[in-house]
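[1] next input, structure requested:
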Amino acid sequence: MKKGIFSGLLSVLLLISFLNVSTFISSAALQPTMPPSGYDRVNNNIPHGQVSYINYQSKATNGQRRARIYLPPGYSTANKYSVMYLLHGIGGNEDEWYHNGAPHTILDNLIAAGEIDPFILVLPYGDAKAAGVDGWENFTKDLLESLIPHIESNYSVYTDAKHRAIAGLSQGGAQAINIGLPNADKFHYVGGFSSSPIMKQNNQLFPDGGTKVKQNLKLLFLSCGTADNLIFSNNRLVDYCKKNNIDHVEWLLQNYGHDWTVWKPSLWNFARMACAAGFTEPGETAPTPPPTPTPPPTPRSAFSRIEAEEYNSINSSTMTIIDTPEGGGGIGYIESGDSAVYSKIDFGSGANSFKARVASAMDISIDLRLNSPTGTRIGTLTASSTGDWDAYELLSCEVSNVTGENDLYLVFSGPVNVDWFEFSGGTIPTDPPQTGKIGDVNGDGRINTNDYTLLSRHILEITTLTGEAFTNGDVNGDGAINSNDATLLQRYILEIIDKFPAEGNVAV
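    Just a heads-up that it's a prediction; the model follows:
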């Protein structure tokens, strides 16, 4: 009998050694494990959620701040969703997880595999800089008093702690611990991946000795690589939990360091384990009907810019108003067959061209129809992928057979974000040639918000532009890249200017 027990234990130990991980679980429905191959790669044969920027007013900084938000495939205001707040590391911002950790892809794949139910993911900027305060510490106020209320006011979400989670990597992992444990009555699921030493002392995390955490928390997930030089921070919290009988999951990855090979599998596991612990269980809150924008009271000219969010009605269960990277609004979360209606559009004696500022990660088309979704088609805008949901470009097409006042229907063949549109009676507008020109920071032959993001990251000293990228980013030609260049590039993208100072004399 003893020999059988010993053999069984040996088999388990060999399996753990093979997986290169070790786990301590005091209470959990699932055990963490290494994800399957391809868990973080895009699968074109499954539905995909959409990621966009949001802007919100912060009480902590007394200004506008930006975050990214992931709405899962099939997001509908007829349903309620749980929300997870996922924090980045030091030196990063709201883009770090999206560009390096593929959280949207990981969640898409988990949802498609039936391993989790859909939920909303928010990627904030964790450094809430303000005069006289530490930005990382100030983020607690920003999150609790501004970002969470903004999400709960603008999206169809549950507002209780059972449906709210917080996690992060490195500096963001410590922030998630610092915010989540003292506020266990607001976050029932807390995850720290390779948490940094800014983690607060145990008497600050557990001011009542752990009573609040024991009464409220459904999952405390702590992961770290054993070759991580910051593992002492993780160990301090784990030791306290063990000594005080606080339920937690410790996942150690043998010989792993402080990098994405730990953080991406940690997110995959945390999402699965949080859902298994009740994160996405249906609540009792009644669905909130979708907001209906107030229609303009008078006819609108087809030849002036029409903001996409100023529709009169929509035929969609998912379409919603979104923020654009420059701070304006638009429409997004559009599905095939959806349509937006703009009433009393006056085409006068006729229009022959249409242009719109759009962004999409795939190829789609927009039919322009009159007075119904199947009415007279006056044109079709073909929108090739712009590379990202926030990479807006100006596209155009011919139109015909339209005069006078009509209701305009934009009928979509698939997902796209639309900022604004307008018609003209002249020749089809075309973009100025862009290949190799000033402003094309990433060298893809186009000037759009991808270039603006790269320029901003250089100014914030997150990345460094060199060579041709630096030359193209110096749009005012003064030999430096700073906020003046960012302002000019933004004005160009918004079509306020059509030429940069570095290209010759131009009024800005």
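
[2] tell me the pLDDT of the spatially closest residue to Thr464 that is not a sequence neighbour.
    Leaving aside its sequence neighbours, Thr464 sits nearest to His458 (C-beta to C-beta, 6 or more residues apart in numbering; 6.2 Å). For every residue, glycine as well, the C-beta is placed using N, CA and C. pLDDT, His458: 85.

[3] now His458: which helix or strand?
    Per DSSP states H and E, His458 falls inside helix 449-459.

[4] what about the strands in the stretch 151-300 of the chain?
    Remark: strands assigned in the stretch 151-300 of the chain by DSSP state E, counting those that start in this stretch are 164-169, 189-193, 219-225, 249-253, 300-301.

[5] report the angle between the fourth one and strand 189-193.
    Relative orientation of strand 249-253 with respect to strand 189-193: 20 degrees, computed using axes from the mean of the first three to the mean of the last three C-alpha atoms, to 10 degrees.

[6] what lines up beside strand 249-253 in the sheet?
    strand 21-25 (antiparallel), strand 219-225 (parallel) (DSSP bridges).

[7] just list the residues touching the residue nearest to Thr464, thanks.
    Thr464, Leu465, Gly473, Ile481 (C-beta atoms under 8 Å, 6 or more residues apart in numbering).

[8] could you tell me which of these count as buried?
    Applying 16 or more other C-beta atoms under 10 Å to the contacts of His458, the neighbour count classes Leu465, Gly473, Ile481 as buried.

[9] which one of these is nearest Glu137?
    Closest approach between those and Glu137, by C-beta to C-beta: Ile481, at 30.3 Å.

[10] helix/strand/coil for the closest one?
    Using DSSP: H, G, I helix; E, B strand; the rest coil, the structure places Ile481 in coil.

[11] CA atoms only for the helix holding His458, dumped as CSV, please.
    Taking C-alpha atoms only, helix 449-459 is exported to CSV below (Å, rounded to 0.1, in the frame of the first residue of the first chain):
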residue,chain,number,x,y,z
THR,A,449,-3.6,57.3,-35.9
ASN,A,450,-1.0,54.5,-35.9
ASP,A,451,1.6,57.2,-36.7
TYR,A,452,0.1,59.5,-34.0
THR,A,453,0.5,56.6,-31.4
LEU,A,454,4.1,56.1,-32.3
LEU,A,455,4.8,59.8,-32.1
SER,A,456,3.2,60.0,-28.7
ARG,A,457,5.1,57.0,-27.4
HIS,A,458,8.4,58.7,-28.5
ILE,A,459,7.4,61.9,-26.7
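
[12] not counting its neighbours along the chain, what's nearest Asn100?
    Excluding the flanking residues, the one nearest Asn100 by C-beta to C-beta, 6+ apart is Trp260, at 6.0 Å.

[13] show me where the stretch 401-508 of the chain has helices.
    Taking DSSP state H, counting those that start in this stretch as the criterion, the stretch 401-508 of the chain carries its helices at 449-459, 467-473, 483-493.

[14] got those as TSV, with distance to Gly180 columns?
    As requested, those are exported to TSV (distance: least, C-beta to C-beta, whole Å):
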stretch	distance to Gly180
helix 449-459	28
helix 467-473	39
helix 483-493	34
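
[15] of those helices, which stretch is the most buried?
    Comparing the helices of the stretch 401-508 of the chain by mean neighbour count (mean count of other C-beta atoms under 10 Å), helix 449-459 ranks first with a mean of 21.

[16] what angle separates that helix from helix 483-493?
    Going by the same axes, to 10 degrees, helix 449-459 makes 170 degrees with helix 483-493.

[17] run through this structure and note the low-pLDDT ranges.
    The model of the chain has pLDDT under 70 over residues 1-29, 284-297, 426-436, 504-508.

[18] quick one: the helices in it, in order.
    Along the chain, the segments classed as helices by DSSP state H run 2-19, 96, 103-112, 135-142, 148-154, 171-180, 202-205, 211-216, 231-243, 260-276, 449-459, 467-473, 483-493.
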